[in-house]
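Novice: requesting a structural model of the entry that follows:
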Amino acid sequence: QVQLVESGGGLVQAGGSLRLSCAASGRTFSRYVVAWFRQAPGKEREFVGCINWNVGLTYYGDSMKDRFTISSDNAKNTVYLQMSSLKPEDTAVYYCAVGRPPYGSWRYTSQYDYWGQGTQVTVSS
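Specialist: Numbers count the residues shown, from 1 in each chain. Model (predicted):
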């Protein structure tokens, strides 16, 4: 069992930055892919990006790579989502998730076994 806790969300003005954290307890992220998704009101959950914990490779959703960066801290068993140049359309609840998706299947929510409770990010114009 893996428990995930996201933090770092909040209210920020357009153009600003935020760093979200996803910390795991219960076990390490070893051999897992850790992903970030977001969900805006009335919309489907959207893949932001993910990191393969063991090899450190990252993959991003369409149009995400320019402003979002995923990184990890092995010692803290934590994954980060650095967001910059935020726009009002980035407003959403951001979730981290853990799973073992096959190569190329990172964007599908069904591939993830454990989810955090989400953290709200609100970008004002």
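Novice: tell me how far the most centrally placed residue in the chain lies from residue 18.
Specialist: For the chain, residue 36 is the residue whose C-alpha lies nearest the centre (Cα atoms, centre = their mean; 2.1 Å). From residue 36 across to residue 18, the span is 12 Å (Cβ to Cβ, to the nearest Å). Every residue, glycine included, has its C-beta placed from N, CA and C.
Novice: let me know whether the residue nearest to the centre of the chain touches residue 92 as I believe.
Specialist: No. The pair residue 36 / residue 92 is not scored as a contact, 10.6 Å apart, by Cβ atoms under 8 Å.
Novice: just the strands in the protein please.
Specialist: With DSSP state E as the criterion, the chain has strands at 3-7, 10-13, 18-25, 33-39, 46-52, 58-60, 68-73, 78-83, 92-99, 112-115, 119-124.
Novice: could you dump those strands to JSON lines with mean pLDDT?
Specialist: Output for the strands of the chain, formatted as JSON lines (pLDDT from 0 to 100):
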{"stretch": "strand 3-7", "mean pLDDT": "94"}
{"stretch": "strand 10-13", "mean pLDDT": "98"}
{"stretch": "strand 18-25", "mean pLDDT": "95"}
{"stretch": "strand 33-39", "mean pLDDT": "98"}
{"stretch": "strand 46-52", "mean pLDDT": "97"}
{"stretch": "strand 58-60", "mean pLDDT": "96"}
{"stretch": "strand 68-73", "mean pLDDT": "96"}
{"stretch": "strand 78-83", "mean pLDDT": "97"}
{"stretch": "strand 92-99", "mean pLDDT": "97"}
{"stretch": "strand 112-115", "mean pLDDT": "96"}
{"stretch": "strand 119-124", "mean pLDDT": "98"}
